[in-house]
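**Q** Give me the fold of what follows.
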Amino acid sequence: MSDRALMFLKPEFTPEDRARYFPVIRHYLDAYGLSIEADCEVLAHDEKEALFDRVYSKLLKNARQPLSGKVIGGYAYLKTASGADEEQLFHEWISPQNPALRTGEDNYYLQKDDLRVVNPFCPYQRRLFIESQGSAHLFIISRNGARPWAEIKPLFQGAPTQTGGQGSGIRSHLSQCRWYTPTTNGLHLSASDHDALWETNEVMEFFMERRRNKHEERTHSYPARTF
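**A** Modelled structure (predicted):
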């Protein structure tokens, strides 16, 4: 059980829209008894890569699974399917014509003929996350009360797919932005108490590694002494 969780604004969430919607995010934080303890922006491509690979490691592991029976990971599918393209696969995934299917936690799939392609969005989404000019803005947030994160998340964020006036949560606002899709939805929040503990630990390790790397860069940049 963790009273702290990870929230972050994803790189597709533009600076202009962050300025516009952050008061809305603040409103939802207050409404559900959540407070920001610390925050930091991550802009460098290599650091965004390390962050994505840490936070979404379970999704990536499933996306990289080899063909087994009628199931194949998105990365393996792109290597084996003739003419397959990661952007095309992503757009197939977010198409309203293709329902979002899942077989368990971090195990989503797109049905293509007789194959289940697992986490087909990962290759393109990862590249967008890393190569985008936008930052990932990380927040460690704490809760005031015993409501589990699994209950807070759907109320706070709302469903990925928002339908007309029936939308709810922050995504009912963000879904009006031109960059919004059910997958590139602008904001991440830990999905459960287990995820909250795991993700905050991963981010703390990420920052410790980041500090070590910066310290080594500064040390190596000093001119050598002559004795």
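**Q** could you pull out the strands for the chain?
**A** 4-9, 34-42, 71-73, 101-104, 107-112, 115-118, 136-143, 187-189 (DSSP state E).
**Q** what's the third one packed up against?
**A** So the one you mean is strand 71-73. Judged by 3 or more Cβ pairs under 8 Å, 6 or more residues apart in numbering; DSSP states H and E, strand 71-73 is in contact with strand 115-118. Quick note: C-beta positions are derived from backbone N, CA and C, even for glycine.
**Q** and the strand it packs on, how far from the chain's centre?
**A** 21 Å (Cα atoms, centre = their mean, to the nearest Å).
**Q** What of stretch 41-56?
**A** For stretch 41-56, the distance to the chain centre is 10 Å (Cα atoms, centre = their mean).
**Q** who's the spatially most central residue of the chain bridged to?
**A** Centroid-nearest residue in the chain: His188, 5.3 Å away (criterion: Cα atoms, centre = their mean). Per DSSP bridges, the residues bridged to His188 are Phe8.
**Q** I'd say it and Phe52 touch.
**A** No. Using Cβ atoms under 8 Å, His188 is not in contact with Phe52; the gap is 10.4 Å.
**Q** picking that back up, the strands of the chain: lowest mean pLDDT?
**A** Of all these, mean pLDDT reaches its minimum on strand 101-104 (a mean of 90).
**Q** For that strand, which strands pair with it and how are they oriented?
**A** Strand 101-104 pairs in its sheet with strand 107-112 (antiparallel), by DSSP bridges.
**Q** Turn the strands of the chain into JSON lines, columns for distance to Met208.
**A** JSON lines is the format used below for these (distance: least, Cβ to Cβ, whole Å):
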{"stretch": "strand 4-9", "distance to Met208": "15"}
{"stretch": "strand 34-42", "distance to Met208": "13"}
{"stretch": "strand 71-73", "distance to Met208": "30"}
{"stretch": "strand 101-104", "distance to Met208": "31"}
{"stretch": "strand 107-112", "distance to Met208": "30"}
{"stretch": "strand 115-118", "distance to Met208": "32"}
{"stretch": "strand 136-143", "distance to Met208": "14"}
{"stretch": "strand 187-189", "distance to Met208": "21"}
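**Q** between those strands, which gets nearest to Arg20?
**A** strand 4-9 (12.3 Å; Cβ to Cβ).
**Q** And the closest one, how far out from the chain middle?
**A** 10 Å.
**Q** Just the CA trace of that strand, in PDB.
**A** Once non-C-alpha atoms are left out, strand 4-9 reads as follows in PDB (Å, rounded to 0.1, in the frame of the first residue of the first chain):
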ATOM      1  CA  ARG A   4       2.100   8.300  -2.900                       C
ATOM      2  CA  ALA A   5       1.700   7.700  -6.600                       C
ATOM      3  CA  LEU A   6       3.200   8.800  -9.900                       C
ATOM      4  CA  MET A   7       1.400  11.300 -12.200                       C
ATOM      5  CA  PHE A   8       3.000  12.800 -15.300                       C
ATOM      6  CA  LEU A   9       2.100  14.900 -18.300                       C
END
